[in-house]
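J.: need coordinates for the following:
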Amino acid sequence: MSTESLQRVFKTLADSTRVRILALLEREELAVQELMDVLAMTQSRVSRHLGILREAGLLRDRREGTYVFYRFATPKSGAWSDAWELARRELAGDPAAERDAAALLRVVAARASRIRTFFDSVGPEWDGLRKIFNDDALRARAIAHLAPPGWTVCDVGTGTGILAKEVARLGLRVIAVDHSPRMLEAARSSLEAEGYAVEAEGYAVEAEGYAVEAEGCAVEAEGCAVELRRGEAQALPLADGEVDAALAHMVLHYVPQPAEALREMARIVKPGGVVVVVDFVRHEAEWMREELGVLWLGFPIDEIVRWLGDAGLEAVRIEEFASPSPARDLPGTFLASARKPA
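T.: Residues are numbered from 1 along each chain as shown. Down below sits the predicted model:
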C-alpha cells in the first residue's frame, strides 16, 4: 500500500464519530434516522460521515422504498482491517461507545415494539386482512417441503394458527410461536372452535383426534398436537435441536433482524432438519408499510441465500413466483428451503 493510501486509512478512522458509526453498523444494519437517534446528531452531520465512509468503500447500502439502510463492509485483510481492529480495541470501555450500544438496543427494541403493537391491535382480524397475500397455494407448497409424519415442526410467527393447524392435520406435532399475546389468544380460540381440547395455561393445545374434509378427501390425524409459545423470532423459546423442521411463512418482513431469525431457526432444528421460508422478493410497494405494518419491503434472493449459508445451512433451494395480483401492486414471492448438516 502506498503512503498516500495509508494516510487515507488513518485520516478516515481518525474521526471518533466515524469509528462509532462503523461500530454500530458492524452490529446492525441501520437507516440514517436510526443513526441520528443513536448518536443524537443531526441528519447533515450523520450523512456527511456516511458519505466519507462510503467513498472509502467501508459501507454497503441498500434502498428500500424511501429508506436507505447501511451496513459496515468489514475489511477482511490489509491495512484497513488492521486499522479497524486497532480502532475497535480502543472503543472497549469508551463511555461514548457504551452509550451508543445502549441506544442501539433501544432502537432495535422500538422496531420490534412497532410490529408487536400492530399485531396486538389487529388480533383475530388478521385472517381477513392477510387474504391480500393470496398465498394459499404457497402455504401448501411450504408444507410439502417440511417433513414426514411424526416430525415436530416450529411454526415461527404463527399468528392466528392457520398454518399450525394445517401442519398438525398432516400428523406433525407443532410448536407455534408468536410475540403477540392477542394473536396467541386468537390461535387458541380458533383451535378450540375446531374441536381441539385447549389447555389455556401455558398455551398448551392438544387434540385426541382430528378429521377434516377437503375437496372430497378425508384426512385424519390421530393425536394431533399444537403447543403455543410466546416469543420473538430472533430469540425463539426453544432449545437447541428441539424440532425437526422450522417454518417462517410471510414472517421475515415483520422481523427487525431477519438474518438473526434464520440463525435461530437453524439453531432449533436437529442435524438433518429442514428450514423453510416463504416471503416477498424485493419490491417497492410502500403501501404495505401503512396497511400491513411491514418493516421490510421484501428481500433480494441472493441475500436470503447468503443468510441461510451464514446460519450454517446447506442444500439451499429457491423457488420464485410472480405476483398473484399485479392489479393490487402485490409483489412476487419466493420459497426457500435448506437443510442443517447431519
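
J.: C-alpha only now, for contacts and for neighbours.
T.: Will do.

J.: so, low pLDDT: which residues of the stretch 201-342 of the chain?
T.: For the stretch 201-342 of the chain, the stretches flagged by pLDDT under 70 are 201-224, 324-328.

J.: what segments of it are helices?
T.: Using DSSP state H, counting those that start in this stretch, the helices of the stretch 201-342 of the chain run over 258-268, 287-292, 301-310.

J.: and those, which is most packed in?
T.: Of all the helices of the stretch 201-342 of the chain, helix 258-268 has the most neighbours on average by mean count of other C-alpha atoms under 10 Å, namely a mean of 23.

J.: hmm, who's touching that helix?
T.: 233-236, 238-243, 246-247, 252, 255, 275, 307-308, 310-313, 340 (C-alpha atoms under 8 Å, 6 or more residues apart in numbering).

J.: cutoff 6 Å now
T.: Residues outside helix 258-268 that contact it (C-alpha atoms under 6 Å, 6 or more residues apart in numbering): 233-234, 240-242, 246, 252, 307, 311.

J.: which one of the residues you listed sits closest to Thr117?
T.: Closest approach to Thr117 among the contacts of helix 258-268 (C-alpha to C-alpha): Ala233, at 15.6 Å.

J.: stretch 15-29: which residues count as buried?
T.: 17-26, 28-29 (16 or more other C-alpha atoms under 10 Å).

J.: show me how far it is from its chain's centre.
T.: 23 Å (C-alpha atoms, centre = their mean, to the nearest Å).

J.: equivalent analysis for stretch 152-163, please.
T.: Offset of stretch 152-163 from its chain centre (C-alpha atoms, centre = their mean): 14 Å.

J.: CA atoms only: put it into PDB for me.
T.: Output in PDB follows, covering the C-alpha atoms of stretch 152-163 (Å, rounded to 0.1, in the frame of the first residue of the first chain):
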ATOM      1  CA  THR A 152     -42.000 -31.900  15.300                       C
ATOM      2  CA  VAL A 153     -42.300 -28.500  13.500                       C
ATOM      3  CA  CYS A 154     -41.800 -25.000  14.700                       C
ATOM      4  CA  ASP A 155     -44.200 -22.500  13.100                       C
ATOM      5  CA  VAL A 156     -42.400 -19.200  13.500                       C
ATOM      6  CA  GLY A 157     -44.800 -16.200  13.700                       C
ATOM      7  CA  THR A 158     -47.900 -18.400  13.800                       C
ATOM      8  CA  GLY A 159     -50.400 -15.500  14.000                       C
ATOM      9  CA  THR A 160     -53.900 -17.000  14.400                       C
ATOM     10  CA  GLY A 161     -52.600 -20.500  13.900                       C
ATOM     11  CA  ILE A 162     -53.900 -21.200  10.400                       C
ATOM     12  CA  LEU A 163     -50.700 -22.800   9.200                       C
END
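
J.: could I get the average pLDDT for that stretch?
T.: Averaged over stretch 152-163, pLDDT sits at 90.

J.: go on, stretch 182-196?
T.: For stretch 182-196, mean pLDDT is 80.

J.: can you list the buried residues in that stretch?
T.: Buried, per 16+ other C-alpha under 10 Å, within stretch 182-196: 182-192, 196.

J.: tell me which of the residues you listed is nearest to Arg60?
T.: Once C-alpha to C-alpha is applied, the member of these that ends up nearest Arg60 is Met183, at 36.0 Å.

J.: next one: the strand or helix carrying that closest one to chain centre, how far?
T.: Using DSSP states H and E, Met183 sits in helix 181-193. How far helix 181-193 lies from its chain's middle: 23 Å, per C-alpha atoms, centre = their mean.

J.: can I get it in CSV, CA atoms only?
T.: Only the C-alpha atoms of helix 181-193 are listed here, as CSV (Å, rounded to 0.1, in the frame of the first residue of the first chain):
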residue,chain,number,x,y,z
PRO,A,181,-50.5,-12.3,23.2
ARG,A,182,-53.6,-11.3,21.3
MET,A,183,-52.5,-13.4,18.3
LEU,A,184,-51.9,-16.3,20.5
GLU,A,185,-55.3,-15.9,22.1
ALA,A,186,-56.9,-15.8,18.6
ALA,A,187,-55.0,-19.0,17.7
ARG,A,188,-56.2,-20.7,20.9
SER,A,189,-59.8,-19.7,20.2
SER,A,190,-59.6,-20.9,16.6
LEU,A,191,-58.2,-24.3,17.7
GLU,A,192,-61.0,-24.6,20.3
ALA,A,193,-63.6,-23.8,17.8
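
J.: what angle do the top helix by length along the chain and helix 181-193 make?
T.: Ranked by residue count under DSSP state H, the longest helix found in the chain is helix 95-122. When axes from the mean of the first three to the mean of the last three C-alpha atoms, to 10 degrees is applied, the directions of helix 95-122 and helix 181-193 differ by 40 degrees.

J.: give me the buried positions along stretch 233-252.
T.: Under 16+ other C-alpha under 10 Å, the buried positions of stretch 233-252 are 233-234, 236-238, 243-252.

J.: ok, what's across the strand from Val156?
T.: Val177, Ala248 (DSSP bridges).

J.: just checking, it touches Ala248?
T.: Yes. Assessed by C-alpha atoms under 6 Å, Val156 is found in contact with Ala248 at 5.0 Å.
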